[in-house]
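A.B. asks: quick check, what structure comes out for this input:
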Amino acid sequence: MSRKIKTDPSTLDRLPVGQPAFVARVDGGHDEVERLKVMGLCEGAPVHNLRVGNRMVTCVAGTRLGMTAEIARFVQIRTPALANEL
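C.D. replies: The predicted structure follows:
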């Protein structure tokens, strides 16, 4: 019997469109990252991607944010499925 192994995308840029997750932390000291924190992209915030690629659109607690994949790599996430298994 084969068992599916769930993998955590770990960073926001790797989260598939529509998959819910939560922000674990936002790393880096870049000005853009600090702006994202001010706009609600902070620890515990629910997120899901609406569009992926270099020019991403992410929904954070009901608000749409546009960012590049480069900036999204600073956002560490956890998925609800894995959070419940811990």
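
A.B. asks: now do the strands in this structure.
C.D. replies: 21-26, 46-51, 55-60, 63-68, 75-78 (DSSP state E).

A.B. asks: what's the closest of the ones you listed to residue 32?
C.D. replies: For residue 32, the closest of the strands of the chain is strand 63-68, at 7.3 Å, according to Cβ to Cβ. C-beta coordinates here come from the backbone N, C-alpha and C atoms, glycine included.

A.B. asks: CA-only coordinates of the closest one in CSV, if you can.
C.D. replies: Coordinates of each C-alpha in strand 63-68 appear next as CSV, following Å, rounded to 0.1, in the frame of the first residue of the first chain:
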residue,chain,number,x,y,z
THR,A,63,-6.5,41.6,1.2
ARG,A,64,-4.8,41.2,-2.2
LEU,A,65,-1.1,41.9,-2.3
GLY,A,66,1.1,42.0,-5.4
MET,A,67,4.8,41.1,-5.1
THR,A,68,7.7,39.5,-6.9
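
A.B. asks: biggest helix in the chain, by residue count?
C.D. replies: Scanning the chain for the longest helix, with DSSP state H as the assignment, gives helix 31-38.

A.B. asks: just want the angle from that helix to strand 55-60.
C.D. replies: Interaxial angle, helix 31-38 versus strand 55-60 (axes from the mean of the first three to the mean of the last three Cα atoms, to 10 degrees): 30 degrees.

A.B. asks: give me the beta-bridge partners of residue 46?
C.D. replies: With DSSP bridges as the criterion, the beta-bridge partners of residue 46 are residue 22.

A.B. asks: residue 31 versus that one, what's the distance?
C.D. replies: 25 Å (Cβ to Cβ, to the nearest Å).

A.B. asks: much appreciated, bye for now.
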